[in-house]
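Participant: Model the structure of this input:
(one chain, ligands or ions: 2)
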Amino acid sequence: MALLRLHRSNYAPHKPTTKQAAFLAYDEMGAQTPLEALYGGAAGGGKSDALLTGALLHVDKPGYSAILFRKTFQDLSLPGALLDRAQEWLLPQKVPYSHQNKTFTFPSGATLSFGYLDTENDKYRYQGAEFQFIGFDELTQFTESQYRYLLSRCRRLKDVEIPLRVRSASNPGGTGHQWVKERFVLSSRVFIAAGLIDNPHLDQEEYELALAELDPVTRAQLLHGDWDVSYADTFKPDMFNYRTKPIDGYTLFFVIDLAYTKKKTADYTAGGVVGVNAVGDIQWFYTHESRMDEAESIDWIFRTMAEWETQGVGAVHIECHSAYIHALKQEMRIRGKDFNVTPLKPEGVAKSDRILAVLPYLHRMYFREEDTWLANRFIEWSPELEGSVPDDAPDMVGYAVKLIKYNANQKAGWDKWKNPPTDPMKLKIWKQMKKGNRTTNRPEPIGF
Ligand SMILES: Nc1ncnc2c1ncn2[C@@H]1O[C@H](COP(=O)(O)OP(=O)(O)OP(=O)(O)O)[C@@H](O)[C@H]1O
Ligand SMILES: [Mg+2]
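Facilitator: Ligands and ions are numbered 1, 2, ... in the order given. Just a heads-up that it's a prediction; the model follows:
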């Protein structure tokens with residue numbers, strides 16, 4: 001059968017798995033070779049490997065020019081990612097590599113380059129370029145307009161029989177989930193569904209264990225390659241627990257998500273005092289949300305601290321810019337107060353990721369009876385509605401979870417991977433941790 005006769009470049013060391021071979025077979029259909037194909041689905045299925053293997057086909061032909069894209073320069077340079085893997089495969093075979101152009105040049109003169117499309121305008125860097133192979137790794141991280149623009153850069157070489165190919169690999173999920181799903185999964189274009197079990201070269205048990213700790217939607221996307229699960233209606237009324245407890249046994253902290261102006265209709269300042277006890281229960285003791293300007297919010301912080309400091313709140317954790325911290329500290333001097341102020345940094349984590357990270361903690365989070373407003377903010381929210389419903393209060397709860405998780409991760413030793421690990425599976429966990437999605441999933445104490 002055709003699959004077994006798959007022509008493989010001498011530069012690609014891995015013998016394709018059955019699924020990879022099915023994807024790569026579309027590269028060898030002569031004049032019928034389809035322009036576009038997606039290998040999409042579960043994590044670890046071998047998608048990126050297949051993409052690189054495909055790109056290396058035809059490098060023996062003069063004039064062949066291939067490029068592989070990741071979303072950001074950082075994604076490109078991570079250990080274990082595509083460029084790293086290409087270097088591992090090609091440098092021992094003495095293929096010259098230019099760091100400056102991120103380009104390998106083969107003895108035939110053919111080239112394989114690596115690029116990124118971080119901003120929408122980055123695509124114009126390829127204005128005059130021509131490629132016969134364009135690969136996108138993690139396609140759902142790109143916009144449809146970037147993809148379409150690059151598609152126009154895929155041009156045939158005169159007098160050389162090399163088919164034009166745009167090949168992509170991706171997990172479901174991410175900002176481009178919907179357009180990728182419509183373009184490939186729901187259309188007649190070539191789509192190979194990747195499953196975790198397709199890749200015998202991966203420690204699947206360990207991988208599954210790691211993925212089991214993600215929220216249910218991400219888990220279904222990464223473990224089963226599910227393109228249909230969605231975060232719409234993620235938070236349901238029956239997920240919220242209500243009770244009121246005395247503060248004994250809880251370590252308390254005060255967390256605030258600021259909106260700097262009261263003019264914008266959707267922005268609120270939200271804050272609360274929350275406690276964690278030795279068995280990991282999270283109890284909200286005070287919550288508040290209102291539209292306030294900077295001076296009002298500073299005044300509110302002082303009033304709240306005056307009330308709660310005596311009960312054990314030592315620090316205010318605030319998501320804000322440094323000018324606000326400066327103003328707050330100045331006011332502290334004027335008022336003769338000195339509480340600890342810790343700025344919370346978004347660290348490039350999307351707001352929706354912070355809010356979704358609350359999900360695995362909800363079953364042990366308790367709200368006061370009068371906090372149904374806070375639960376409603378979650379229930380009304382979904383990532384698809386970003387910006388059109390108030391999300392400051394859920395974000396504030398997300399920050400609280402982040403603080404609790406940070407302490408738990410430190411206890412569990414997950415923070416020991418300071419730098420990106422080279423092992424691809426550990427790298428995946430590390431990336432999820434950075435994203436704020438990882439939970440420790442342990443019943444151990446997570447208090448401070
Ligand atoms: N045919 C193969 N032979 C040997 N090793 C392979 C093969 N295919 C993939 N691998 C290895 O398995 C690991 C996972 O593969 P790869 O990174 O391509 O998966 P992926 O589907 O892109 O995963 P992710 O969804 O995490 O991006 C890598 O270490 C890769 O080198
Ligand atoms: Mg990959």
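
Participant: Quick check, the residue in the stretch 101-250 of the chain closest to ligand 1?
Facilitator: With Cβ to the nearest ligand atom, the shortest gap between the stretch 101-250 of the chain and ligand 1 falls at residue 201, namely 3.5 Å. Glycine gets a C-beta too; all of them are placed from N, C-alpha and C.

Participant: Look up which helix or strand that residue falls in, please.
Facilitator: Assigned by DSSP states H and E, residue 201 falls within no helix or strand.

Participant: now the closest residue to it other than its chain neighbours: how far from residue 285?
Facilitator: Among residues not flanking residue 201 along the chain, residue 46 sits closest, at 7.2 Å (Cβ to Cβ, 6 or more residues apart in numbering). Noted for residue 46: a distance of 49 Å to residue 285, by Cβ to Cβ, to the nearest Å.

Participant: between the two, who's got more neighbours?
Facilitator: The neighbour count for residue 46 versus residue 285, taken as other Cβ atoms under 10 Å, is higher for residue 46 (25 against 20).

Participant: Make sure the more buried one is actually in contact with residue 22.
Facilitator: No: using Cβ atoms under 8 Å, residue 46 is not in contact with residue 22, being 11.3 Å away.

Participant: Around ligand 2, which positions in the stretch 1-150 of the chain sit nearby?
Facilitator: Counting by Cβ under 5 Å from the ion, the stretch 1-150 of the chain comes close to ligand 2 at 47, 48.

Participant: Find the closest residue to ligand 2 in the stretch 1-150 of the chain.
Facilitator: For the stretch 1-150 of the chain and ligand 2, the shortest gap (Cβ to the ion) falls at residue 48, measuring 3.2 Å.

Participant: Determine the set of other helices and strands touching the helix or strand encompassing that residue.
Facilitator: In this structure, residue 48 is located in helix 47-55 according to DSSP H and E. Other elements packing on helix 47-55 under the criterion 3 or more Cβ pairs under 8 Å, 6 or more residues apart in numbering; DSSP states H and E are helix 18-25, strand 36-41, strand 65-70, helix 82-90, strand 133-137, strand 165-170.

Participant: partners of residue 251 in the sheet?
Facilitator: Following DSSP bridges, residue 251 is listed with bridge partners residue 276.

Participant: and it, how many residues sit next to it?
Facilitator: Residues near residue 251, counting by other Cβ under 10 Å, number 18.

Participant: Is it in contact with residue 276, as I believe?
Facilitator: Yes: assessed by Cβ under 8 Å, residue 251 is found in contact with residue 276 at 5.5 Å.

Participant: Give me the neighbour count for residue 169.
Facilitator: Neighbour number of residue 169 under other Cβ under 10 Å is 28.

Participant: no wait, residue 278
Facilitator: Residue 278 has 12 neighbours, counted by other Cβ under 10 Å.

Participant: what about it, distance to residue 300?
Facilitator: Residue 278 sits at a distance of 31 Å from residue 300 (criterion: Cβ to Cβ).

Participant: So which elements touch the strand or helix carrying residue 352?
Facilitator: Element membership for residue 352 (DSSP H and E) is helix 351-356. Packing partners of helix 351-356 (3+ Cβ pairs under 8 Å, 6+ apart): helix 392-412.

Participant: Buried residues, the helix it packs on. List them.
Facilitator: Buried residues in helix 392-412, counted by 16 or more other Cβ atoms under 10 Å: 392-405, 407-409, 411.

Participant: just to revisit the earlier point, ok, the residue of the stretch 101-250 of the chain closest to ligand 1 touching residue 45?
Facilitator: No: the pair residue 201 / residue 45 is not scored as a contact, 10.4 Å apart, by Cβ under 8 Å.

Participant: Tell me how many other residues surround the residue nearest to residue 174 when sequence neighbours are not counted.
Facilitator: Nearest residue to residue 174, sequence neighbours excluded (Cβ to Cβ, 6+ apart): residue 140, at 3.5 Å. The local packing of residue 140 (other Cβ under 10 Å) involves 23 other residues.

Participant: How about the one 4 residues further on?
Facilitator: Residue 144 is flanked by 14 other residues according to other Cβ under 10 Å.

Participant: Any residues of this protein in contact with ligand 1? List them.
Facilitator: Applying Cβ under 6 Å from any ligand atom, we find that the chain lies next to ligand 1 at 14-17, 20, 43-49, 169, 171, 194, 199, 201-202, 424, 428.

Participant: what's the pLDDT at residue 85?
Facilitator: The model reports residue 85 with a pLDDT of 94.

Participant: Quickly list the domain ranges of this structure.
Facilitator: Here the domain parsing of the chain from automatic domain parsing is 2-199, 237-435.

Participant: Residue 259: what secondary structure?
Facilitator: coil (DSSP: H, G, I helix; E, B strand; the rest coil).

Participant: What residues does residue 366 make contact with?
Facilitator: 241, 242, 243, 245, 281, 282, 283, 284 (Cβ atoms under 8 Å, 6 or more residues apart in numbering).

Participant: and it, how far is that from residue 326?
Facilitator: With distances taken as Cβ to Cβ, residue 366 is found 36 Å from residue 326.

Participant: With residue 45 instead?
Facilitator: 50 Å.

Participant: host element of the closest residue to ligand 2 within the stretch 201-350 of the chain?
Facilitator: Proximity of the stretch 201-350 of the chain to ligand 2 (Cβ to the ion) peaks at residue 222, 10.9 Å away. If you go by DSSP H and E, residue 222 is part of helix 216-224.

Participant: Check residue 233 too.
Facilitator: Applying DSSP H and E, one finds residue 233 in no helix or strand.

Participant: What's the local residue count around the nearest residue to residue 183 once chain neighbours are set aside?
Facilitator: Once flanking residues are discounted, residue 183 sits nearest to residue 189: 6.5 Å by Cβ to Cβ, 6+ apart. If you count neighbours by other Cβ under 10 Å, residue 189 ends up with 13.

Participant: before we move on, what about residue 34?
Facilitator: Neighbours of residue 34 under the rule other Cβ under 10 Å: 16.

Participant: ok, it touching residue 192?
Facilitator: No: Residue 34 is beyond contact range of residue 192, at 11.6 Å (criterion: Cβ under 8 Å).

Participant: Work out the gap between stretch 127-134 and the centre of the chain.
Facilitator: 28 Å (Cα atoms, centre = their mean, to the nearest Å).

Participant: before we move on, what about stretch 53-67?
Facilitator: 31 Å.

Participant: do the same with stretch 356-376
Facilitator: Worked out by Cα atoms, centre = their mean, stretch 356-376 lies 23 Å from the chain centre.

Participant: Ok, stretch 321-341 next?
Facilitator: The answer for stretch 321-341 is 34 Å, by Cα atoms, centre = their mean.
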